[in-house]
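[1] mind folding the following:
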Amino acid sequence: MRSIMAMLRPKGADAGALYAAVVAEARRPAWYVEGGVADSLDGRFAVLASLTALTILRLEEGGEAAVRHSVALTESFIADMDAQMREEGFGDPSIGKQVRSMVGALAARVDRWRRARSGEIGWDEAVSFSIYRDSPPSVESAVTYTTEALRRFDEGLGGAVDRNLIEGRIA
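    This next block holds a predicted model:
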């Protein structure tokens, strides 16, 4: 029955290409080497969720199609987290709770980055919360690298045309 309902639902925005581009950025080794982010499930999640949050915020500033893609990007993130949890062996009863927790973590990052982008809080504070969970590495150059890399990523998104973002061209 679910597949029939899906066929009847109007086709919405598809953020597959954009989400794949954000995932590719999150997989760059520099985040984990130069940035000192833990190369663990939590560390990789922190980078992916941070980049996704910044992308969502940029899309929300765009035209109607971009705004639709902000929702589709969130849906892609949720679907990916669900698939990752299943791949890690979590059982059906616990998947919903785990994915809800991850979506909550994404929402918290969206809020924190929104506040940083508006100047309400410092960019460093947002990086500390979003990437390092308030426990930054002892090597200051790692924090500096991550802060600047996220700033460049955000600036690149800001300078991109909506259509390019929607098509997954974020570089």
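[2] please enumerate the helices of the protein.
    2-8, 16-26, 41-60, 64-87, 92-117, 123-130, 140-158, 162-166 (DSSP state H).
[3] name the helices or strands packed onto the third one?
    The helices and strands touching helix 41-60, judged by 3 or more C-beta pairs under 8 Å, 6 or more residues apart in numbering; DSSP states H and E, are helix 16-26, helix 64-87, helix 92-117, helix 123-130, helix 140-158, helix 162-166. Where you see a C-beta, it was placed from the backbone N, CA and C, and this is true even at glycine.
[4] just want the angle from it to helix 123-130.
    Orientation check (axes from the mean of the first three to the mean of the last three C-alpha atoms, to 10 degrees): helix 41-60 against helix 123-130 gives 130 degrees.
[5] ok, back up a step: can you add mean neighbour count and distance to residue 58 and give the helices and strands packed on helix 41-60 back as JSON lines?
    Output for the helices and strands packed on helix 41-60, formatted as JSON lines (neighbours: other C-beta atoms under 10 Å; distance: least, C-beta to C-beta, whole Å):
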{"stretch": "helix 16-26", "mean neighbour count": "19", "distance to residue 58": "11"}
{"stretch": "helix 64-87", "mean neighbour count": "17", "distance to residue 58": "8"}
{"stretch": "helix 92-117", "mean neighbour count": "16", "distance to residue 58": "9"}
{"stretch": "helix 123-130", "mean neighbour count": "19", "distance to residue 58": "15"}
{"stretch": "helix 140-158", "mean neighbour count": "17", "distance to residue 58": "4"}
{"stretch": "helix 162-166", "mean neighbour count": "18", "distance to residue 58": "7"}
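[6] quick one: closest of the ones you listed to residue 51.
    helix 16-26 (5.1 Å; C-beta to C-beta).
[7] mean confidence for that closest one?
    Per-residue pLDDT values across helix 16-26 average out to 95.
[8] stretch 41-56 now?
    In this model, stretch 41-56 carries a mean pLDDT of 96.
[9] do the same with stretch 157-171
    93.
[10] one step back: the helices and strands packed on helix 41-60: which one's closest to residue 44?
    Per C-beta to C-beta, nearest to residue 44 of the helices and strands packed on helix 41-60: helix 16-26, 6.8 Å.
[11] what sits against the residue positioned nearest the centre of the chain?
    Geometric centre of the chain, nearest residue: residue 52, 1.8 Å, by C-alpha atoms, centre = their mean. Applying C-beta atoms under 8 Å, 6 or more residues apart in numbering, one finds that residue 52 lies in contact with 19, 22, 73, 74, 77, 106, 109.
[12] now swap in residue 113 and tell me
    Applying C-beta under 8 Å, 6+ apart, the residues near residue 113 are 50, 53, 54, 57, 126, 130, 154.
[13] report pLDDT for it.
    97.
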